[in-house]
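1. Predicted model and sequence follow; I will ask about them next.
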Amino acid sequence: MSAWLGRRGLGLLRSRPLSGVVEAVGQTPLLRLEKVAREAPSVEVYAKLEFANPGGSVKDRAASRMMLRALEDGRLSSDKILIDSTSGNTGVAYSLFGAALGVRVALVMPSNVSQARKDIARAFGTEIIFSDPMEGSDGAIHLVRKIVEKDPEKYFYPDQYSNPDNPGAHYHGTGAEILDAVGDRITHFVAGIGTSGTIMGTSRRLREHDRPVRCVAVEPSDSLHGLEGLKHLPSSLVPGIHSAAGYDETMRVETEDGWEMADRLASEEALHVGHSSGANVFAAIQIAKRLHERGEGGCVVTIVCDRGDRYFAPMKWERRYVW
């Protein structure tokens, strides 16, 4: 306990005043997962806790960078409405930073995203336009493009799926922070594919490091899945920023495995996280086990995308518990 208090005290010494909420993005904690990774004791497994961003998710990084860069070069101004498609977390980030920066925001999202995300976005004054829930995130993309095409002067459309500032946020932020924290120890990086910004930008930065780092993308195992925020690329619109050459391997995770790992993270590591985060950690643990079984050490870093409280409302795939 005294050692923990000592570390906590050091953390307080690093506190800094901020001039605005946008400055609170990044520098998220890197937490070692020892309990869920106990079957691979020779391998360090770390989770980067992106729910520590002010909007509660990894999407704060891309949203803030896309908005700030657009404000700087004039593509976005107070007389335009920022509009984009989202499954939830990017929309929360746009809404938060829109309120902070004086920018009006409209979001197109499938009507079956969790109620918490709808409510959070609306709390910041955001307009929500719903797309067909059966068409998923691709349906929202199609709808937002139609809206912008009808009135292009009214809107700024950052298009998170094609905007280079999305992976750029992770190249300059997430990847650099991981190297600063674990340096030469890192051997593997694991992140899910949604827009693909996290895996593309972070992998590009890690591949510039002196030692080889194997970068692994996580996808749902099939098109009808319950891992909200992740894309099954073979059955989806492929994001413009995505390139399979940007990482070394794809791991496909079953919905049940992602949900079960999310439950384990809550009960064993006291991390209440979303199911895409469960899928990321599940994949990272599989890699750690593989290394351990070969008699190798290693250091695997993965992304915890958001908190689990955004998933309380029932969705199209829901685990049934028997007590």
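-> Great, that's in hand. Numbers count the residues shown, from 1 in each chain.

2. can you give me the strands for the stretch 151-300 of the chain?
-> Using DSSP state E, counting those that start in this stretch, the strands found in the stretch 151-300 of the chain span residues 155-156, 188-192, 214-220, 249-253, 298-304.

3. winner for burial among these?
-> Of all these, strand 188-192 has the most neighbours on average by mean count of other C-beta atoms under 10 Å, namely a mean of 28. Placement of C-beta: from N, CA and C, glycine included.

4. That one pairs with which strands, parallel or anti?
-> Applying DSSP bridges, strand 188-192 is found paired with strand 214-220 (parallel), strand 298-304 (parallel).

5. Need the ones you listed in TSV (columns: distance to residue 265 and mean pLDDT).
-> TSV is the format used below for those (distance: least, C-beta to C-beta, whole Å; pLDDT from 0 to 100):
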stretch	distance to residue 265	mean pLDDT
strand 214-220	15	98
strand 298-304	8	98
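
6. could those strands go into TSV alongside distance to residue 199?
-> Listed next are the strands paired with strand 188-192 as TSV, based on distance: least, C-beta to C-beta, whole Å:
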stretch	distance to residue 199
strand 214-220	5
strand 298-304	9
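
7. returning to what we had before: is it possible to export the strands of the stretch 151-300 of the chain to CSV including distance to residue 229?
-> What follows is the strands of the stretch 151-300 of the chain, written out as CSV (distance: least, C-beta to C-beta, whole Å):
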stretch, distance to residue 229
strand 155-156, 23
strand 188-192, 7
strand 214-220, 10
strand 249-253, 13
strand 298-304, 11
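
8. which one of the ones you listed lies closest to residue 28?
-> strand 298-304 (8.9 Å; C-beta to C-beta).

9. any idea how far residue 100 lies from residue 82?
-> 13 Å (C-beta to C-beta, to the nearest Å).

10. From the neighbour counts alone, determine which of the two ranks first.
-> residue 82 (25 against 16; other C-beta atoms under 10 Å).

11. just checking, the more buried one touches residue 160?
-> No. With contacts counted by C-beta atoms under 8 Å, residue 82 stays clear of residue 160, the gap being 11.0 Å.

12. what about the stretch 101-250 of the chain, any weak spots by pLDDT?
-> Applying pLDDT under 70 to the stretch 101-250 of the chain picks out no residues at all.

13. which residues in it form helices?
-> All helices of the stretch 101-250 of the chain, identified by DSSP state H, counting those that start in this stretch, fall at 115-123, 136-150, 165-169, 175-182, 197-206.

14. Adding distance to residue 302 and mean neighbour count, write those out as JSON lines.
-> Listed next are the helices of the stretch 101-250 of the chain as JSON lines, based on distance: least, C-beta to C-beta, whole Å; neighbours: other C-beta atoms under 10 Å:
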{"stretch": "helix 115-123", "distance to residue 302": "22", "mean neighbour count": "18"}
{"stretch": "helix 136-150", "distance to residue 302": "22", "mean neighbour count": "18"}
{"stretch": "helix 165-169", "distance to residue 302": "17", "mean neighbour count": "26"}
{"stretch": "helix 175-182", "distance to residue 302": "10", "mean neighbour count": "18"}
{"stretch": "helix 197-206", "distance to residue 302": "10", "mean neighbour count": "26"}
